[in-house]
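quick one, structure for this:
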Amino acid sequence: MAPIGSFLGDDPLAILGQLADASDFPLEETQKRAWLEQISVLKQLLAYSGNRGALYFEFAIPRLGRRIDVVLILDHVVFVLEFKVGERSYPSSGLDQVWDYALDLKNFHKPSHDLPLVPVLVATHARGVPLATLVTDHNDGLLQPIRANADNLKNVIDMARAFFKAPPIDWKHWQAGSYHPTPTIVEAAAALYAGHSVENISRSDAGAENLALTANRISQLIEQARQHNRKFICLVTGVPGSGKTLIGLDVANRHTARDDALYSVFLSGNGPLVRVLIEALARDEVQRCKEQGHRKRIGEARSAVKRFIQAIHHFRDEGLVDEKPPIEHVALFDEAQRAWDQAKTADFMRRKRGLSGFSASEPEFLISCMDRHQDWAVVVCLVGCGQEINTGEAGIAAWLDAVQDRFPDWHVHLSPRLVEIEYHAADQLSRLAQRSQVSYDESLHLSTSMRSFRSEKVSSFVNQLLALDLEAAKHTLSAVLHHFPIRLTRDLSTAKNWLRSQARGSERYGIVVSSQAQRLKPHAIDVRATVDPIHWFLHDKFDVRSSYYMEDVATEFQVQGLELDWACVVWDGDLRVGVDGWEYFGFVGSRWQRVLKDERRRYLLNAYRVLLTRARQGMVVVVPEGDSMDPTRSSCFYDPAYELLVTTGLPCI
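Predicted coordinates for the structure are as follows:
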């Protein structure tokens with residue numbers, strides 16, 4: 001960092017030396033030459049600037065694990081410059097890259113929220129392009145990225161300065177400003193695996209401060225269990241998107257060495273989440289190794305990640321074939337409410353493992369594996385509310401039953417929110433109250449959604465909507481819409497165009513639907529088509545298998561625990577509005593059949609809860625018109641749902 005006047009007065013080689021000293025990776029000659037050319041271009045650019053500002057080389061973006069080539073504060077504008085030294089074209093990936101950097105500052109760097117931000121891709125040897133009208137399509141002071149070369153960069157800078165009217169920026173105040181990132185779960189996992197702490201990569205404002213508090217409390221309980229040779233089970237609750245998975249990853253990542261006395265493992269029954277995280281972390285590790293000057297094969301990276309993140313079923317199967325205690329003393333179970341009940345576990349063991357008469361639920365067996373340790377053990381259950389979406393998912397009650405019936409010596413640490421009706425655990429908590437080693441701890445609840453960083457009230461609106469508390473939903477929505485755009489339409493093409501117009505840079509968007517939405521086929525949506533979550537969530541907008549193409553759709557089973565920046569939720573006739581409230585249907589053969597079992601009804605309502613809480617920045621809901629010529633898509637299946645959503649105040653497009 002340097003004020004413009006100091007930068008202009010310093011020798012280029014001295015500046016290069018400072019950059020080299022601050023670098024945390026081996027320097028190659030190509031990098032040194034790139035820096036020298038950047039320095040030369042900027043010295044020419046700023047020679048007549050009047051010294052009103054400052055510039056920052058290699059500005060860190062912790063959330064993305066990357067660095068901006070140059071941030072230039074000049075008068076009243078913040079310029080984000082990404083240099084492609086020697087490049088003769090303007091790659092679209094580079095435009096998205098510099099746009100992403102500017103978006104990060106706009107969204108998460110407090111002093112930048114209300115400042116003009118101009119992303120510029122500088123391909124030094126490319127042909128100049130005509131300077132079109134500057135565009136800020138979201139009216140938030142962030143321009144669409146501009147293309148420039150070494151010769152016309154000054155013209156670009158001058159044009160942008162003239163475009164905005166604002167007071168001069170106090171660069172010292174800007175530099176001292178707080179950075180409150182809200183990473184996606186994939187970004188967060190990669191950052192944690194790379195050595196960052198949860199405090200470094202998450203928001204630190206008062207509304208979300210208990211994220212670090214909860215992680216530290218769990219670590220304290222783990223240390224207590226070790227010191228006093230005790231066995232603890234901790235149940236952590238949180239609203240959708242509050243960071244439960246992030247907490248588990250953070251705690252497990254602190255103790256990944258096998259010789260660590262607190263060696264931990266992160267376990268999840270969510271297959272798509274596990275696959276996406278393993279692949280994302282492996283790719284990130286390979287890239288970081290490449291930047292540090294050595295090579296790591298992707299297979300080697302995947303194997304290392306799999307020791308840190310495992311599917312619950314693999315852990316369970318190892319416990320079946322090996323009766324010794326697992327190597328881990330700490331097991332963190334993500335989405336613990338989705339563990340199987342006794343009936344489903346027994347059925348699986350009989351069909352897939354050849355074990356008849358299996359009498360334990362999945363929670364009971366998993367705790368029994370950890371109970372094999374003679375000294376100490378800790379089980380951490382990360383619990384979502386209203387997230388059970390499949391037959392045989394036992395809910396949190398099965399964990400409490402197992403502890404009460406089979407493991408009387410275990411100490412139980414509970415979130416106080418488990419008493420709420422949505423967790424369906426009142427009877428089990430009443431039974432647990434009879435034992436002495438039970439304590440409630442408010443720090444084991446995450447109350448603030450981290451997913452919807454534009455509005456923390458989105459999950460409240462969705463819960464009120466699904467509870468048909470329409471007055472409350474209408475009131476909450478009025479507070480949501482200013483920061484978190486939600487739109488309603490009857491036309492899928494309109495929804496797609498809206499998504500594309502909202503997303504900037506590499507912000508991810510896609511279509512999500514209920515797994516029971518089988519009559520969307522006329523709209524080219526087939527829920528039975530196989531979707532690979534790795535392609536859908538990790539591949540870029542040039543891959544037809546990615547979410548960006550909006551050709552393949554994901555259901556609640558692929559997206560639970562993951563997220564999009566912008567989501568399109570398409571409603572079908574499986575969830576309808578009747579005279580007495582929600583009506584539930586499944587499509588069997590050639591017609592809809594009413595769902596009568598309370599359990600299946602709860603799963604269907606939870607499926608829509610999952611779908612409606614996947615977006616971080618905004619969403620559009622599509623309720624089709626129906627077709628009078630098709631009895632399976634009658635307008636009476638759809639119109640009441642559309643009218644209900646209109647009643648809440650959703651703007652229509």
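
so Ala346 versus Ala126, what's the distance?
Between Ala346 and Ala126 the computed distance is 65 Å (CB to CB, to the nearest Å). Yep, even glycine has a C-beta here, placed from its N, CA and C like the rest.

please say which of these two ends up with more neighbours.
Taking neighbours as other CB atoms under 10 Å, Ala346 and Ala126 compare with Ala126 leading, 21 against 18.

you'd agree the more buried one is in a helix?
No: following the definition DSSP: H, G, I helix; E, B strand; the rest coil, Ala126 is coil and is not counted among the residues of a helix.

which residues does it contact?
Contacts for Ala126 were tallied using CB atoms under 8 Å, 6 or more residues apart in numbering; they are Lys84, Glu87, Arg88, Ser89, Tyr90, Arg147, Asn149.

may I ask which two of those are separated the most?
Maximum pairwise distance in those, criterion CB to CB, is 12.3 Å, between Arg88 and Arg147.

neighbour count winner among the two?
Taking other CB under 10 Å, Arg88 and Arg147 do not tie; Arg147 has more neighbours (22 against 11).

can you verify my assumption that the more buried one contacts Val129?
Yes: using CB atoms under 8 Å, Arg147 is in contact with Val129, at 5.2 Å.

which residues do those two both contact?
Shared contacts of Arg147 and Val129, defined by CB under 8 Å, 6+ apart, comprise Tyr90.

quick one: terminal-to-terminal distance for stretch 137-156?
Counting by CA to CA, to the nearest Å, the length from the leading to the trailing residue of stretch 137-156 is 18 Å.

ok, residues contacting it?
Contacting residues not belonging to stretch 137-156 are listed as 37, 41, 44-45, 90, 95, 98-99, 102-103, 106, 114-129, 131, 134-136, 160, 163-164, 501-502, 504 [CB under 8 Å, 6+ apart].

now that stretch, how far from the chain's geometric center?
29 Å (CA atoms, centre = their mean, to the nearest Å).

what mean pLDDT does it have?
Taken as a whole, stretch 137-156 carries a mean pLDDT of 92.

show me the common contact partners of Arg88 and Arg147, please.
Shared contacts of Arg88 and Arg147 (CB under 8 Å, 6+ apart): Ala123, Ala126.

just for this structure, where's the confidence low?
Counting by pLDDT under 70, the chain shows low-confidence ranges at 25-26, 62-65, 132, 197-209, 256-258, 386-387.

look up how far Asp565 lies from the residue nearest in space to the middle of it.
Centroid check for the chain by CA atoms, centre = their mean gives Thr184 as the closest residue, at 2.8 Å. Separation of Thr184 from Asp565 (CB to CB): 8 Å.

the stretch 1-150 of the chain: helices as residue ranges?
Remark: helices assigned in the stretch 1-150 of the chain by DSSP state H, counting those that start in this stretch are 4-9, 12-22, 29-46, 92-108.

please apply the same query to the stretch 301-450 of the chain.
Assigned helices in the stretch 301-450 of the chain, in chain order: 312-321, 342-352, 362-371, 397-406, 426-432 (criterion: DSSP H, counting those that start in this stretch).

put together a markdown table for these, with distance to Gln220 on each row.
Supplementary listing: those in a markdown table, determined by distance: least, CB to CB, whole Å:
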| stretch | distance to Gln220 |
| --- | --- |
| helix 312-321 | 24 |
| helix 342-352 | 32 |
| helix 362-371 | 19 |
| helix 397-406 | 20 |
| helix 426-432 | 22 |
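
neighbours of Val274, how many?
Residues within reach of Val274, counting by other CB under 10 Å, total 24.

hmm, it is touching Ile309, no?
Yes: using CB under 8 Å, Val274 is in contact with Ile309, at 6.1 Å.

residues shared between the contacts of the two?
Where contact means CB under 8 Å, 6+ apart, the residues bridging Val274 and Ile309 through contact with each are Ser268.

tell me which of the helices of the stretch 1-150 of the chain is the most buried.
Of all the helices of the stretch 1-150 of the chain, helix 92-108 carries the top mean neighbour count, a mean of 21, counting by mean count of other CB atoms under 10 Å.

show me what that helix packs onto, helices and strands only.
Under the contact criterion of 3 or more CB pairs under 8 Å, 6 or more residues apart in numbering; DSSP states H and E, the helices and strands touching helix 92-108 comprise strand 66-74, strand 77-84, strand 117-123.

again, only this time at 6 Å
In terms of contacts (3 or more CB pairs under 6 Å, 6 or more residues apart in numbering; DSSP states H and E), helix 92-108 is packed against strand 77-84, strand 117-123.

mean neighbour count and distance to Cys381 added to these, as JSON lines?
Putting those into JSON lines (neighbours: other CB atoms under 10 Å; distance: least, CB to CB, whole Å) gives the following:
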{"stretch": "strand 77-84", "mean neighbour count": "24", "distance to Cys381": "42"}
{"stretch": "strand 117-123", "mean neighbour count": "25", "distance to Cys381": "42"}
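
Leu72 versus the nearest residue to Gln97 once chain neighbours are set aside, what's the distance?
Taking CB to CB, 6 or more residues apart in numbering as the measure, Gln97 lies nearest to Glu82, with 5.8 Å between them; neighbours along the chain are not counted. Using CB to CB, Glu82 is found at 12 Å from Leu72.

on that earlier part again, from Ser546, how far out is the closest residue to the residue nearest to the centre of the chain other than its chain neighbours?
With sequence-adjacent residues excluded and distances taken as CB to CB, 6+ apart, Thr184 is closest to Glu563, at 5.7 Å. The span separating Glu563 from Ser546 equals 15 Å under the rule CB to CB.

more neighbours, these two?
The residue with the greater number of neighbours, taking Glu563 and Ser546 and applying other CB under 10 Å, is Glu563; the counts read 22 against 19.

got phi/psi on that one?
Comment: the main-chain dihedrals of Glu563 come out as phi -160, psi 160, following degrees, to the nearest 10.

surely it is in contact with Ser452?
No: using CB atoms under 6 Å, Glu563 makes no contact with Ser452, being 9.1 Å away.

any common contacting residues for the two?
Common contacts of Glu563 and Ser452, defined by CB atoms under 6 Å, 6 or more residues apart in numbering, comprise Arg616.

mind checking the longest helix of the chain?
Secondary structure of the chain read by DSSP state H shows that its longest helix is helix 271-291.

next, the angle from that one to helix 312-321.
100 degrees (axes from the mean of the first three to the mean of the last three CA atoms, to 10 degrees).

next, the buried residues of helix 271-291.
Judged by neighbour count using 16 or more other CB atoms under 10 Å, the buried positions of helix 271-291 are 272-286, 288.

what does stretch 424-444 give?
For stretch 424-444, burial by neighbour count (16+ other CB under 10 Å) applies to His424, Ala425, Gln428, Leu429, Leu432, Gln437, Val438, Tyr440, Asp441, Ser443, Leu444.

again with stretch 569-582
The neighbour-count check on stretch 569-582 (16+ other CB under 10 Å) flags Val569, Val570, Trp571, Asp572, Gly573, Asp574, Leu575, Arg576, Val577, Trp582 as buried.

how much space separates the second one from Ala102?
From Val570 across to Ala102, the span is 31 Å (CB to CB).

repeat that for the third one.
Counting by CB to CB, the gap between Trp571 and Ala102 amounts to 35 Å.

which of the buried residues of stretch 424-444 fall in strands?
Secondary structure defined by DSSP state E assigns Val438, Tyr440 of the buried residues of stretch 424-444 to strands.
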